[in-house]
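Enquirer: generate coordinates for the sequence data below:
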Amino acid sequence: LIDGLFARFGIDDITQLSIREVGKLVSMIEQESGEEFIHMEMGVPGLPASQIGVEAEKEALDKVLAAAYPNIEGITFAKEEISRFAKLFMNLDAAPTHCIPTVGAMQGSFAALLGAARTNQEKPYTLFIDPGFPVQKSQLHLMGVPFKSFDILNYRGIKLKTKLEEFLKDGNICSICYSSPNNPSWFCFTEEELQIIGELATVYDVIVIEDLAYFGMDFRQHYGVAGEEPYQPTVAHYTENYILLLSASKIFSYAGQRIGMMIFSEKTYTCKYPNLKNYFTSDTLGHFIPYGVLYATTAGTSHSAQYALASMLKAVNDGKVDFVKNLHLYGKKAKLMKDVFLKHGFYIVYNDDKRELADGFYFTIAYPGMTSSELMKKLLYYGISAISLAITGSENPNGLRACVSFVRLEQIPVLEERLKEFEKDLKK
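Expert: Residues are numbered from 1 along each chain as shown. Now for the predicted structure:
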């Protein structure tokens, strides 16, 4: 059954299926077999959406805002609360002018990557610190923008400096892109590593595009108290060359309304790049991105969703809601699931540097003697779905990404039974 359904995709290597294609394949298998899967392929929130956002959006719609175009740069309420959030949870001074709501962090990524790539024709390349979110590379393919990448597995700590300079010394890198906490591995950059990235970005004049979609979700520290240490680690403390990408999808479980945000440094926002005039009327990046990219793609961000975002941010900024505490279920599930996989012979592919890996939204697994292709397909036979690390830029040929969000607590004993059968059958 599974082999026949996979054949319909016309792809020889199962590891090359995108995240959404894996989801479609698993849905087809469930429909044909009648068996529910343990879904670990999709990074979709597994918690209810923030009711504060829902109510704010209803109120905005009742005020007939659906009939009005939103400001391209964002409504004042949202921009001010993003600015407050940056100060209260990152200890970062960001003027409201430099804070722009976007149609999810996905649009923010598209705009930042495209904007950076147009700044200097002598610097066409984006450098990805992998593994990473596969769709960002898809965005560059769509734009026809080239990129380079390397797997960080063997370059943690001070080794990262030497590896980055191997690429930066050629003088053709416009931006460095990564996520922390990392999708798919969940490692987090240390302050030492963020300082290395930031200082090299300044020396080589490149823009750091830092994806903070999983803001505050390194549960080894508690980043959920407004105006109090510890603050979310960010490269913005070590360079003025940055664009930060944030999302309401995970921290507020507000994925369906596609609302995120970009935070620029003053330098990045106001910097003039003559090459931008080849694509737009202005040579200022802070004007090019909203009026050149966002306007040409969606002509702004949903009016009502911006009110939802602003209201959710205001609640946490005012100290009325601890958004991090609301997310701890992900960490609990990750701990239980990792224990089950390790018990049945699996190992973790990406650990953290000099400290135990945090329990959070994702983790990576592999099984001795099996490639990622073999393991991914074999697990499907036991009703367990995950994606291959191959599409994330990982150079490890054996690993899979596991996402905990869709797995219910009552399914973890089912996961254990299926892995027990998996291990037993392999030993026959």
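
Enquirer: okay, now the closest residue to residue 185 other than its chain neighbours: neighbour count?
Expert: Leaving out its chain neighbours, the residue that sits closest to residue 185 by CB to CB, 6 or more residues apart in numbering is residue 350, at 3.5 Å. All C-beta spots, glycine's among them, are computed from the backbone N, C-alpha and C. By the other CB atoms under 10 Å criterion, the neighbourhood of residue 350 contains 24 residues.

Enquirer: again with residue 277
Expert: Once other CB under 10 Å is used to define contacts, residue 277 is seen to have 13 neighbours.

Enquirer: isn't it up against residue 283?
Expert: Yes - with contact defined as CB atoms under 8 Å, residue 277 counts as touching residue 283 (5.1 Å).

Enquirer: can you verify my assumption that residue 357 contacts residue 187?
Expert: Yes - with contact defined as CB under 8 Å, residue 357 and residue 187 form a contacting pair (6.6 Å).

Enquirer: what do these two both touch?
Expert: Here residue 357 and residue 187 have 350-351 as joint contacts, going by CB atoms under 8 Å, 6 or more residues apart in numbering.

Enquirer: between these two, who's got more neighbours?
Expert: Ranked by neighbour count (other CB under 10 Å), residue 357 and residue 187 place residue 187 first, with 24 against 20.

Enquirer: with adjacent residues omitted, what lies nearest to that one?
Expert: The shortest distance from residue 187 to any non-neighbouring residue, by CB to CB, 6+ apart, is to residue 352 (4.7 Å).

Enquirer: relative to residue 395, how far out is that neighbour?
Expert: 18 Å (CB to CB, to the nearest Å).

Enquirer: out of the two, which sits in the more crowded spot?
Expert: It is residue 352, of residue 352 and residue 395, that has more neighbours when counted by other CB under 10 Å, with 20 against 14.

Enquirer: check which helix or strand that one maps to.
Expert: For residue 352, there is no host helix or strand (DSSP states H and E).

Enquirer: need the pLDDT of it.
Expert: Per-residue confidence (pLDDT) for residue 352: 90.

Enquirer: give me every residue that touches the residue minimising distance to the centre of the chain.
Expert: Nearest residue to the geometric centre of the chain (CA atoms, centre = their mean): residue 213, 4.6 Å. Counting by CB under 8 Å, 6+ apart, residue 213 makes contact with 105, 133, 179, 183, 245-247, 249-250, 260.

Enquirer: by neighbours, which of those residues wins?
Expert: Tallying neighbours with other CB under 10 Å puts residue 246 at the head of the contacts of residue 213, with 29 neighbours.

Enquirer: my guess is that one contacts residue 105, does it?
Expert: Yes - with contact defined as CB under 8 Å, residue 246 counts as touching residue 105 (6.3 Å).

Enquirer: which neighbours do the two have in common?
Expert: Joint contacts of residue 246 and residue 105 (CB under 8 Å, 6+ apart) are 213, 260-261.

Enquirer: next, format those residues as a markdown table and append distance to residue 21 and pLDDT.
Expert: Shown next, in a markdown table, are these (distance: CB to CB, whole Å; pLDDT from 0 to 100):
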| residue | distance to residue 21 | pLDDT |
| --- | --- | --- |
| 213 | 21 | 97 |
| 260 | 24 | 98 |
| 261 | 29 | 98 |
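
Enquirer: so of these, which ones are in helices?
Expert: Among the shared contacts of residue 246 and residue 105, no member falls in helices (DSSP state H).

Enquirer: can I get these in JSON lines including distance to residue 373?
Expert: Listed next are the shared contacts of residue 246 and residue 105 as JSON lines, based on distance: CB to CB, whole Å:
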{"residue": "213", "distance to residue 373": "27"}
{"residue": "260", "distance to residue 373": "33"}
{"residue": "261", "distance to residue 373": "37"}
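
Enquirer: by mean pLDDT, flag the weakest helix or strand of the protein.
Expert: Least confident element among the helices and strands of the chain, by mean pLDDT, DSSP states H and E: helix 2-7 (a mean of 86).

Enquirer: buried residues in that helix?
Expert: Neighbour-count burial for helix 2-7, counted by 16 or more other CB atoms under 10 Å, picks out 2, 5-6.

Enquirer: low-confidence bits of this protein, can you list those?
Expert: The model of the chain has no residue with pLDDT under 70.

Enquirer: can you give me the strands for it?
Expert: Under the criterion DSSP state E, the chain carries strands at the ranges 38-39, 99-102, 125-130, 147-151, 173-179, 207-211, 242-247, 260-264, 347-348, 362-366, 384-385, 387-388, 400-403.

Enquirer: now those in TSV, with distance to residue 329?
Expert: Formatted as TSV, the strands of the chain follow (distance: least, CB to CB, whole Å):
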stretch	distance to residue 329
strand 38-39	16
strand 99-102	27
strand 125-130	28
strand 147-151	30
strand 173-179	21
strand 207-211	23
strand 242-247	18
strand 260-264	22
strand 347-348	21
strand 362-366	14
strand 384-385	20
strand 387-388	22
strand 400-403	13
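
Enquirer: nearest to residue 64, of those?
Expert: Checking the strands of the chain against residue 64 by CB to CB gives strand 99-102 as the closest, at 19.8 Å.

Enquirer: what sits up against the closest one?
Expert: With contacts defined as CB under 8 Å, 6+ apart, strand 99-102 is touched by 73-75, 78-79, 82-83, 86, 108, 111, 259-264, 289-290, 294, 301, 305-306, 309.
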